[in-house]
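what follows is a predicted protein model with its sequence.
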Amino acid sequence: MTTLRLLTVLALGGGLALGATWALFDGHWSVHAEATPAAAEANRAPLYYRDPSGALFWSAAPKKDDRGRDYLPVYEDGQAAAAAPKPPQAASSRRILYYRNPMGLPDTSPVPKKDPMGMNYIPVYEGDEVDDGTVKLSPGKIQRTGVKSEPVERRAIRVSVKAPGTIQLDERRISVIAMRAESFVQEVADVTTGTRVRAGQPLMEIYSSAVASAAAEYLATITSKTVGGVEMYGRGSRQRLMNLNVPEQIIAEMERTRVAPVTVHWSAPRDGIVLERSAIEGMRANPGDVLFRIADISLVWALVDVAERDLGTIAVGQPVAVRARSFPGRIFSGKIAVVYPQVNRDTRTVRVRIELANPDAALLPDMYVDADIDTADGAPVLAIQDSAVLDTGARQAVLVDKGEGRFEPREVKLGRRGGGYIEVRDGLADGEVVVTSANFLIDAESNLKAALKGFAEAAPQASEPGHAAGEHK
């Protein structure tokens, strides 16, 4: 028996290949068909498809990457089909600038190499770099970095200026009781410092020889049979009583009863709280001595110190919310009444007066408060989120989302800030989309690409024969 095995390859339709084995047995030829590896690969189904560049991307169905290349099938034995070879003319028509790390790390090579995981470095061809100033990212990198964008819109920016301060009395609501002639305190009412009094309430009883003399003169004038009925004759003596600060109700009582009092009952000139009591029974009071000081605290002032940098945003009439540290959770509403025309040279602050209603007397003098001044004018302005701004100190920029993974760095001029938004005065138009999240990662990518572009100029020299070999010995 003689056996001769010959292997031939038959081309079948559909790109399949079939191997044939010929055998010589007792002078007769017999043929046995066998499938070649190409045919076996075509007959089995792939488990999944992987990225042709070696990146960590997979797909359950055939697809293409962002450069139009087919994903490679992976079979049960773990082997992936080889990538379809590119036409020789396509590879020769484009010059390779350098090779970049397949994982996106800032690492390049002038010659082909592998990373520590065994993946090939990806070639970067001439013309792949964008020259219009934009940064281009793949969809996978955009998804991994969490890039978010938001359109530029017009909105009212609420700018709040916070300033500390204290509660002070309204200067227009303070009264003092002082004698204008030598007097003696005969009796003091049950009124002490801190007592709340009402207008007309008796405070003390005073004897003054000057007041008694003026009262007797006035009474003699108005009761005279000769000039009593002529008003002009009693006008001078009545004015003398008024100059001695005799209360109006005492003068009216004299005109009604026609009796000159020996002592005069002094009463409170307004509603308020007694801040000071100096009157003591039996004491002698000289002209000008303050015996009582009374203040109306139904309306008080909040004097706050605003930083000099915020002076241009505040104005008279702006609403203010004041919070007292003694009453957490309670808000006292008021408005700016006066902006004092002076800057404190030590603290670089400007004092601002805020008038506050205080009907229940909860706010007391010298109490600490915190003011929140609303400086919003209500007019909508072009605004972006404050997280969209890349601020280097010398300039401010944003990343404009141009679509299809392209981002354009653009310098902007900013205005007021508040409520998480910043006014854009120049550099953006209404409706443009800016990156609000992970923009610093895109900015880092832009800086990396700028560095790689400069490195590409040195790459051809490094890839020369001998020079490249010297670097990778």
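Perfect, I can see it now.

ok, then the element right after the helix or strand hosting Val339?
In this structure, Val339 sits in strand 332-343 according to DSSP states H and E. Remark: after strand 332-343, the chain's next helix or strand is strand 349-357, criterion DSSP H and E.

if we can go back for a sec, between the strand holding Val339 and strand 349-357, how big is the angle?
150 degrees (axes from the mean of the first three to the mean of the last three C-alpha atoms, to 10 degrees).

neighbouring strands of strand 332-343 in the sheet, and parallel or not?
strand 319-324 (antiparallel), strand 349-357 (antiparallel) (DSSP bridges).

residues contacting that strand, please?
301-302, 308, 311, 314-324, 349-358, 363, 369, 373 (C-beta atoms under 8 Å, 6 or more residues apart in numbering). Where C-beta positions appear, they are placed from N, C-alpha and C, glycine not excepted.

filter these down to the buried ones, PyMOL style.
Here is the PyMOL command that picks out the buried ones among these, judged by 16 or more other C-beta atoms under 10 Å:
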select buried, resi 301+302+314+318+320+322+324+349+350+351+352+353+354+355+356+358+363+369+373
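
three-state assignment of Lys402?
The three-state label given to Lys402 by DSSP: H, G, I helix; E, B strand; the rest coil is strand.

that one: how many residues sit nearby?
Neighbour count of Lys402, defined by other C-beta atoms under 10 Å: 15.

same question, Thr195
Neighbours of Thr195 using other C-beta under 10 Å come to 16.

for the nearest residue in space to Lys114 that is not next to it in sequence, give me the pLDDT.
Distances taken as C-beta to C-beta, 6 or more residues apart in numbering put Asn120 closest to Lys114, at 5.8 Å, once the chain neighbours are dropped. pLDDT, Asn120: 87.

circling back: rebuild the strands paired with strand 332-343 as TSV, extending it with distance to Gly427 and mean pLDDT.
As requested, these are exported to TSV (distance: least, C-beta to C-beta, whole Å; pLDDT from 0 to 100):
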stretch	distance to Gly427	mean pLDDT
strand 319-324	32	94
strand 349-357	32	95
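
nearest to Tyr75, of these?
strand 319-324 (70.5 Å; C-beta to C-beta).

what sits up against that closest one?
Contacts of strand 319-324 (C-beta under 8 Å, 6+ apart): 167, 302, 330-336, 354, 356, 362-363, 367-374.

now the buried members of these.
Buried, going by 16+ other C-beta under 10 Å: Ile167, Ala302, Phe332, Gly334, Ile336, Ile354, Leu356, Leu363, Met367, Val369, Ala371, Ile373, out of the contacts of strand 319-324.

for Pro261, which non-adjacent residue is closest in space?
According to C-beta to C-beta, 6+ apart, the nearest residue to Pro261 is Ala215 (6.3 Å).

so what's that neighbour up against?
So Ala215 contacts Leu241, Val246, Met254, Ala260, Pro261 (C-beta under 8 Å, 6+ apart).

wait, the first one sits on Glu253?
No. The criterion here is C-beta atoms under 8 Å, and Leu241 misses it with Glu253 at 11.8 Å.

look at these two and report which has more neighbours.
The residue with more neighbours, out of Leu241 and Glu253, is Leu241; 20 against 13, by other C-beta under 10 Å.

centre-most residue in the protein?
Centroid-nearest residue in the chain: Gly420, 3.7 Å away (criterion: C-alpha atoms, centre = their mean).

quick one, phi psi at that one?
phi 80, psi 0 (degrees, to the nearest 10).

contacts only, for it.
Per C-beta under 8 Å, 6+ apart, neighbours of Gly420: Gln385, Asp386.

mind checking how far it is from Arg158?
10 Å (C-beta to C-beta, to the nearest Å).

and what of Ala307?
18 Å.

buried residues in stretch 174-181?
Neighbour-count burial for stretch 174-181 [16+ other C-beta under 10 Å]: Ile177, Ala178, Met179, Ala181.

what's around Pro287, how many residues?
13.

now do Leu414 against Glu408, distance only.
18 Å.

same question, Asn344
46 Å.

pick out whichever of the two has more residues nearby.
Glu408 (17 against 12).

looking at it, that one is touching Val398, isn't it?
No. Under the criterion of C-beta under 8 Å, Glu408 makes no contact with Val398, lying 9.2 Å away.

where does the stretch 301-450 of the chain have low pLDDT?
Residue ranges of the stretch 301-450 of the chain with pLDDT under 70: 377-378, 438-450.

how about the helices in it?
Along the stretch 301-450 of the chain, the segments classed as helices by DSSP state H, counting those that start in this stretch run 439-462.

and for the stretch 151-300 of the chain?
Under DSSP H, counting those that start in this stretch, the stretch 151-300 of the chain gives helices at 209-223, 231-243, 248-257.

which one of those is the most hemmed in?
Highest mean neighbour count among the helices of the stretch 151-300 of the chain (mean count of other C-beta atoms under 10 Å): helix 209-223, with a mean of 17.

and that helix, C-alpha only, in PDB?
Listed next in PDB are the C-alpha coordinates belonging to helix 209-223 (Å, rounded to 0.1, in the frame of the first residue of the first chain):
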ATOM      1  CA  SER A 209     -38.000 131.100  92.000                       C
ATOM      2  CA  ALA A 210     -37.600 132.200  88.300                       C
ATOM      3  CA  VAL A 211     -40.500 130.100  87.200                       C
ATOM      4  CA  ALA A 212     -42.700 131.200  90.100                       C
ATOM      5  CA  SER A 213     -41.900 134.900  89.400                       C
ATOM      6  CA  ALA A 214     -42.700 134.500  85.700                       C
ATOM      7  CA  ALA A 215     -45.900 132.600  86.400                       C
ATOM      8  CA  ALA A 216     -47.100 135.300  88.900                       C
ATOM      9  CA  GLU A 217     -46.400 138.000  86.300                       C
ATOM     10  CA  TYR A 218     -48.300 136.200  83.600                       C
ATOM     11  CA  LEU A 219     -51.200 135.600  85.900                       C
ATOM     12  CA  ALA A 220     -51.300 139.300  87.000                       C
ATOM     13  CA  THR A 221     -51.400 140.300  83.300                       C
ATOM     14  CA  ILE A 222     -54.200 138.100  82.200                       C
ATOM     15  CA  THR A 223     -56.300 138.900  85.300                       C
END
